[in-house]
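J.: Mind looking at a prediction? Sequence and model below.
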Amino acid sequence: MISASAMFQRSQSKGLSAKQRRERDAAKKQRQMEDPADLTAEEDYVPASPAEDDYFSSPERESGSSVAFKNVSVVTPKGEKTAEKSCSEAPFEYMFCHFEPETGVVENAGCMRLHHKCLVRKVWDGTTAILLIWMSMALPVAVAFQLEDGFITTIDIIIDACFLLDLALGFVTTFDDVNKNVVTGFGAIAKDYLTGWFTVDFTSSLPLHWMGLDLFVPQQAFRAIKLLKLLKLLRIFRLGRVLSKVQERFQIKHATVMIIQFIFIILFAAHWLGCLFFYVSDNIDEDHTWLTEYLSGTGDPIGNRSNGEKYVACFYWALTTMSTVGYGDIIPISTVERVMTTIAMVLGACTFAYGLTNVCTLLFNHNKGRVEFEGLTDEMNDFMSQHNINYSLCQQVQAYLWYMHNSSHIVEDASNMERMLARLTPELRDKVSSGVMLQIFRKDRAMEHRTIWSAFDQDFMMELARAMNPQGNAPGEHLIGGVLSLVERREQNMSSRRMYMLTKGNCQAIVSSSETAFDLACGSSFGEQSVLFGRSLENLKVVTVSYVDIYWIAHDRMQQILQLYPVVNACLRHVFQGREHDFVLGSELESMHLEIGRFLEANVQLREKAAALRRVETSEAAKEDALSEVLASRNQKGNMREVVLKASIAEAEDNLQCLQQQLVEMQQEKEALRQGEEVPVDTILDEPVKDPVASNSSIGEDPNAPSDTIPNHSDVQL
């Protein structure tokens with residue numbers, strides 16, 4: 001027994017492009033409007049190709065596989081596509097290119113160039129970010145506390161080597177221009193780098209300890225020159241670019257990124273100010289500083305303690321100064337320390353004022369939905385209290401609002417999707433809406449909570465999902481069979497008939513004729529017969545048991561969609577024609593999927609036979625056309641021969657007439673001779689007889705050539 005999903009895998013091998021399907025749908029709709037019952041108009045109906053599925057719902061994406069496509073097309077910097085290759089054939093080559101999983105295209109940056117989105121560049125940027133974080137923490141401590149052990153020196157050498165290599169890679173790494181086009185030219189890359197980050201990278205990449213300054217500069221002055229090593233901290237601004245790439249890759253909210261940036265700025269600023277405060281106090285020529293006065297009452301001032309205690313005291317001073325708390329336990333003693341403290345207070349006040357303002361704004365925008373929900377709840381409470389609504393009903397309203405905000409999001413997502421998709425291009429809008437809409441049918445790989453509509457192809461589900469309307473209901477509400485729905489059922493307008501699909505929660509279907517109740521779980525649907533056949537729902541009542549999320553579609557809209565998909569229309573009518581009840585239970589989905597699969601498989605086989613018959617008819621027609629051409633050619637040749645023959649006959653008749661005329665003349669001459677006329681015999685004998693046939697057939701020949709038509713003298717009888 002073949003399932004619906006297996007049948008569609010077979011039929012999807014004949015998939016068309018999106019543009020071809022739209023053209024097919026338009027022509028199909030026109031044909032079906034002329035003859036809706038004609039299923040032969042659906043011979044061109046082909047389900048969507050699996051290659052057009054959204055990448056984010058692909059099994060490779062869900063399983064976390066690193067290889068999503070076997071064959072890819074390589075695009076050169078000039079825009080030319082090469083032959084398709086396998087990623088497993090040349091893995092090292094594709095490490096320096098950018099692979100687009102959705103299109104299966106590899107962007108090759110060219111020889112001696114590095115694509116800015118390739119795997120090697122991503123790994124290198126991550127390594128550089130780790131080194132930058134280490135350097136921003138360790139370098140101020142090493143300079144301030146004069147740490148010169150072998151480990152720190154080795155790490156400094158490695159960092160300098162990596163920064164020099166990164167400086168060279170900046171001249172061969174591609175970039176995106178303002179139009180998001182990849183720039184691969186060496187000249188353009190060098191110009192962009194020289195006018196951008198080159199100054200910062202070059203300044204921060206100078207290996208001062210490689211220059212041997214300690215051999216030519218006095219020790220006291222060399223300690224001041226060591227401050228130049230702090231220029232390496234300029235590279236810390238490159239972390240912003242790395243963070244933006246991480247944000248784009250993992251789709252992190254902007255508010256979250258800003259909060260993380262603010263926290264890091266505060267911590268790094270306090271770290272640097274604390275180290276700078278210790279360095280200034282330790283290198284000034286003063287007998288009394290905060291290092292000699294702080295904790296001096298204990299007999300062991302902070303200046304005589306370990307570097308760890310000194311750093312903690314400096315970091316503590318920086319935070320209390322920047323936050324303007326100022327406990328007063330660490331007091332600047334010298335003038336230089338007071339200047340340093342003043343600068344720290346100004347910087348700290350500006351940083352905290354700017355940062356806290358932005359953080360508060362971001363937190364408000366980050367929880368904008370919750371703020372709106374709380375405002376709506378307060379307004380609803382005021383409204384119900386003004387109109388003396390009873391307490392139990394108020395509790396029901398509050399519970400429903402809480403469910404719609406915290407658990408459902410069905411109506412809110414629908415309104416947000418329209419607002420968000422309006423800003424995208426048509427192609428991006430289709431891809432995003434495809435990923436969002438298909439969640440309605442829960443068409444996941446495990447097929448959990450699937451619906452009856454999951455058996456059909458993606459095109460039909462997309463059309464159906466776009467036409468469905470979201471709705472949330474509280475427990476105990478009547479979806480079908482209530483007072484309001486009874487009024488709608490008695491109306492003659494078919495638009496009042498709806499089909500429902502349950503995506504969350506539980507309902508109960510009650511058949512009035514037998515007083516039998518059925519439990520409808522997630523994935524169940526009801527109202528199909530009323531939409532397909534226009535049947536009444538007077539014997540059916542559907543009541544919500546819990547909070548539910550449902551989607552419904554009206555009769556008229558459903559009929560418009562089914563006109564575009566006659567095979568689906570015929571399949572649904574075949575499946576629901578003989579059903580006793582107008583609802584589908586979760587336990588019936590498997591059998592209904594198999595039945596739909598059998599129908600669609602038979603339809604595919606029928607279309608294959610029709611296609612084979614059309615091919616045979618086409619070949620027979622081609623043979624008949626070829627035979628007709630042969631006969632026409634033969635007839636044309638026969639007509640030409642007939643014309644030539646007629647021309648030859650006419651020419652022979654003309655020659656015969658000429659001969660007859662010459663014979664008559666010769667007879668007249670003979671008669672004249674017999675009557676005694678004096679005619680020179682030699683003249684008669686020497687004059688050649690003109691043969692018209694020979695004269696006509698020898699056009700262009702030599703007139704002096706001998707002619708066989710001249711009679712002999714012996715042939716003339718006097």
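T.: Ah, there it is.
J.: neighbours around residue 561, how many?
T.: 16 (other C-beta atoms under 10 Å). C-beta here means a position set from N, CA and C on the backbone, and glycine is covered the same way.
J.: for residue 588, same thing?
T.: Around residue 588 there are 14 residues (other C-beta under 10 Å).
J.: secondary structure class for it?
T.: helix (DSSP: H, G, I helix; E, B strand; the rest coil).
J.: swap in residue 288?
T.: coil.
J.: what's the pLDDT at the closest residue to it other than its chain neighbours?
T.: Computed as C-beta to C-beta, 6 or more residues apart in numbering, the closest residue to residue 288 that is not its neighbour in sequence is residue 333, at 5.2 Å. We have a pLDDT of 91 for residue 333.
J.: Now do the phi/psi pair for residue 333.
T.: Main-chain dihedrals, residue 333, degrees, to the nearest 10: phi -100, psi -50.
J.: quick one, what contacts it?
T.: 286, 288-290, 292-293 (C-beta atoms under 8 Å, 6 or more residues apart in numbering).
J.: just these now: which is nearest residue 348?
T.: Comparing the contacts of residue 333 against residue 348 with C-beta to C-beta places residue 290 closest, at 17.5 Å.
J.: I'd say that closest one and residue 329 touch.
T.: No: in this structure, residue 290 is not within contact of residue 329 by C-beta atoms under 8 Å, at 10.0 Å.
J.: Pick out whichever of these two has more residues nearby.
T.: Ranked by neighbour count (other C-beta under 10 Å), residue 290 and residue 329 place residue 290 first, with 25 against 12.
J.: any idea how far that one lies from residue 174?
T.: Residue 290 sits 52 Å away from residue 174, going by C-beta to C-beta, to the nearest Å.
J.: before we move on, what about residue 121?
T.: For residue 121 relative to residue 174 (C-beta to C-beta), the value is 9 Å.
J.: okay, the two: which has more neighbours?
T.: residue 174 (23 against 20).
J.: How about the contacts made by the more buried one?
T.: So residue 174 contacts 109, 113-116, 182-184, 189 (C-beta under 8 Å, 6+ apart).
J.: and the residues you listed, which two are the farthest apart?
T.: The span of those, defined through C-beta to C-beta, is set by 114 and 183 at 12.7 Å.
J.: Of the two, which one has the most company?
T.: Higher neighbour count among residue 114 and residue 183: residue 114, with 20 against 16, using other C-beta under 10 Å.
J.: Just the buried ones from the contacts of residue 333?
T.: 289-290, 292-293 (16 or more other C-beta atoms under 10 Å).
J.: Tell me the buried residues in the helix or strand hosting residue 563?
T.: Using DSSP states H and E, residue 563 maps to helix 555-564. The neighbour-count check on helix 555-564 (16+ other C-beta under 10 Å) flags 555, 557-558, 561-564 as buried.
J.: Using PDB, write out every CA atom in that helix.
T.: Output in PDB follows, covering the C-alpha atoms of helix 555-564 (Å, rounded to 0.1, in the frame of the first residue of the first chain):
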ATOM      1  CA  HIS A 555     -17.500  28.300   1.300                       C
ATOM      2  CA  ASP A 556     -17.000  30.800  -1.600                       C
ATOM      3  CA  ARG A 557     -13.300  31.200  -1.000                       C
ATOM      4  CA  MET A 558     -12.800  27.400  -0.800                       C
ATOM      5  CA  GLN A 559     -14.700  26.900  -4.100                       C
ATOM      6  CA  GLN A 560     -12.400  29.500  -5.800                       C
ATOM      7  CA  ILE A 561      -9.300  27.600  -4.600                       C
ATOM      8  CA  LEU A 562     -10.700  24.200  -5.700                       C
ATOM      9  CA  GLN A 563     -11.400  25.600  -9.200                       C
ATOM     10  CA  LEU A 564      -7.700  26.100  -9.500                       C
END
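J.: after that helix, next one along is what?
T.: helix 566-576.
J.: any idea which helix or strand comes after that next one?
T.: That would be, after helix 566-576 and using DSSP H and E, strand 583-584.
J.: just for the stretch 501-650 of the chain, where's the confidence low?
T.: Applying pLDDT under 70 to the stretch 501-650 of the chain flags the ranges 536-537.
J.: Which parts of it are strands?
T.: Listed in chain order, the strands found in the stretch 501-650 of the chain under DSSP state E, counting those that start in this stretch are 507-511, 516-520, 525-526, 540-544, 548-554, 583-584.
J.: and of those, who's closest to residue 469?
T.: So among those, strand 548-554 is nearest, using C-beta to C-beta, at 5.6 Å.
J.: on that earlier part again, ok, so of the contacts of residue 333, who is nearest residue 274?
T.: Nearest to residue 274 among these, with distances taken as C-beta to C-beta, is residue 290, at 12.0 Å.
J.: List the contacts of that closest one.
T.: Applying C-beta under 8 Å, 6+ apart, the residues contacting residue 290 are 281, 302, 330-333, 337.
J.: Ok, residue 140 next?
T.: Counting by C-beta under 8 Å, 6+ apart, residue 140 has contacts 230, 233, 271-272, 275-276.
J.: what about 10 Å?
T.: Contacts of residue 140 were listed using C-beta atoms under 10 Å, 6 or more residues apart in numbering, and they are 229-230, 233, 268, 271-276, 278-279, 311.
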